[in-house]
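Asker: Need a 3D model of the sequence below.
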Amino acid sequence: MPTNIGNGRERCSDTIYLDSLAQARNLPEPVLQSTIQDTRKALQRRAFRKKYSVPLHVNLAELRNEREQYYRNGIYCAERIEQGVDGRLRTHYCNGRLCPICQAIRTAKGINKYLPAIQSFADPYFLTLTRRTVQGEHLRPTIRQMKGEFSLINDLARKNGKVHGLRKLEVIYNGETGLYHPHFHMILDGEEVASFVLKEWLKRNRFSAHRDAQELQAIEPGDSTGIRKLFGYITKLVTEVEEEKIPVPSEALDVIVAALFNSRTLQPYGSLIQAARDTEKIKATDVEAYETPYGFTIGKWILWEWEQRLATWVDKQTGALLVEPPTEKIRVKNNRF
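Answerer: The predicted model follows:
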């Protein structure tokens, strides 16, 4: 297992661009109130993710291994939000792969970057490539082998023409067996290319992959199911045991994080390479399209600090809440963190 993950603080100083004083003053009052309401909802969703992110990362940090600092960064992700007098909100993100806050931003960012290119595909196909589940100690070498096999398949496919597409690595933990299921989700342009990749995958994994476990289907116009799979989580945070959903054990999540250390989970090919610049890292201005103006306290400098008990950010000087605490309905509506 890697021993240097999380050494030093991996922090990204991002800004939530929510409006400037001059811009807010120029907005008609109904428009301003509408944008404030939209942002309030977005911040409530973020508060919901923060509420569940803190105990998740606390439990991981308490494993006391070489990734402890990496997980502690997740505890303090978006811990403080500084609001300038211009109405802008600034905070720091951990960039952790299990962090629900950072994952939501990466998802929005990836869709914004890749969707136009995917929509230009003449004949898009969704492909899932799987292998048998493995024990934790075999997860990292299995992922390395899978990537190597796919690289060889891609080289063969390119001989008959350029391959355009996007590949996402995902790992699911099975709570009943204690095993891990690494697999690829892909969107490729062209049935011929997708079928060739599937055929070669089965040929190279004849003893570890069954045809019925693979998925190949055309993407109909307007169907976003495949795209959502590509830009979703790298692993589920819940599993089923005897038909009951329970949180994935911290030890299992730690195995997945260690296995994915220094490994790309999203890989573009062909025309999608240009859209890939910095997609997996959260940087300043990345969330500009993710949030909207929030000017109800314009003219004041405020330091909002997270209060886990209240599940929202609080102005410690006045006791004011940045947003009302989120409800469980937020998760039900979005079906994700």
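
Asker: my read: Ala252 touches Asn174, true?
Answerer: No. Contact criterion CB atoms under 8 Å: Ala252 and Asn174 do not qualify, at 9.3 Å. Where you see a C-beta, it was placed from the backbone N, CA and C, and this is true even at glycine.

Asker: who's more crowded, those two?
Answerer: When neighbours are counted by other CB atoms under 10 Å, Ala252 and Asn174 differ, and Ala252 comes out ahead with 20 against 15.

Asker: Contacts only, for that one.
Answerer: For Ala252, the contact set (CB atoms under 8 Å, 6 or more residues apart in numbering) comprises Gly136, Tyr173, Gly178, Tyr180.

Asker: Which one (most neighbours) among these?
Answerer: Tyr173 (24 neighbours).

Asker: Am I right that that residue sits in a strand?
Answerer: Yes. Under DSSP: H, G, I helix; E, B strand; the rest coil, Tyr173 sits within a strand.

Asker: Thr239 versus the closest residue to it other than its chain neighbours, what's the distance?
Answerer: Of all residues not flanking Tyr173 in the chain, Ala252 sits nearest, at 4.6 Å (CB to CB, 6 or more residues apart in numbering). For Ala252, the distance to Thr239 (CB to CB, to the nearest Å) stands at 8 Å.

Asker: Domain parsing of the protein, as residue ranges.
Answerer: Following automatic domain parsing, one gets these domains for the chain: 12-95+283-334, 123-276.

Asker: shared neighbours, Ala252 and Asn174?
Answerer: Tyr180.

Asker: okay, and the common contacts of Ala252 and Thr239?
Answerer: Joint contacts of Ala252 and Thr239 (CB under 8 Å, 6+ apart) are Tyr173.

Asker: before we move on, the earlier item: out of the contacts of Ala252, which sit inside helices?
Answerer: Members of the contacts of Ala252 lying in helices (criterion: DSSP state H): none.

Asker: can you give me the strands in this protein?
Answerer: 12-16, 80-83, 89-93, 124-130, 165-174, 179-189, 215-218, 238-241, 244-247, 266-269, 302-307, 312-315 (DSSP state E).

Asker: quick one, helices of the chain?
Answerer: Under DSSP H, the chain gives helices at 21-26, 29-61, 68-75, 100-119, 139-158, 191-204, 225-230, 250-259, 329-334.

Asker: between the third one and strand 302-307, how many degrees?
Answerer: Same thing as helix 68-75. Here helix 68-75 runs at an angle of 120 degrees relative to strand 302-307 (axes from the mean of the first three to the mean of the last three CA atoms, to 10 degrees).

Asker: And helix 68-75, how far out from the chain middle?
Answerer: Chain-centre distance of helix 68-75: 17 Å, with CA atoms, centre = their mean, to the nearest Å.

Asker: any idea of the mean pLDDT for stretch 177-192?
Answerer: What stretch 177-192 shows for mean pLDDT is 96.
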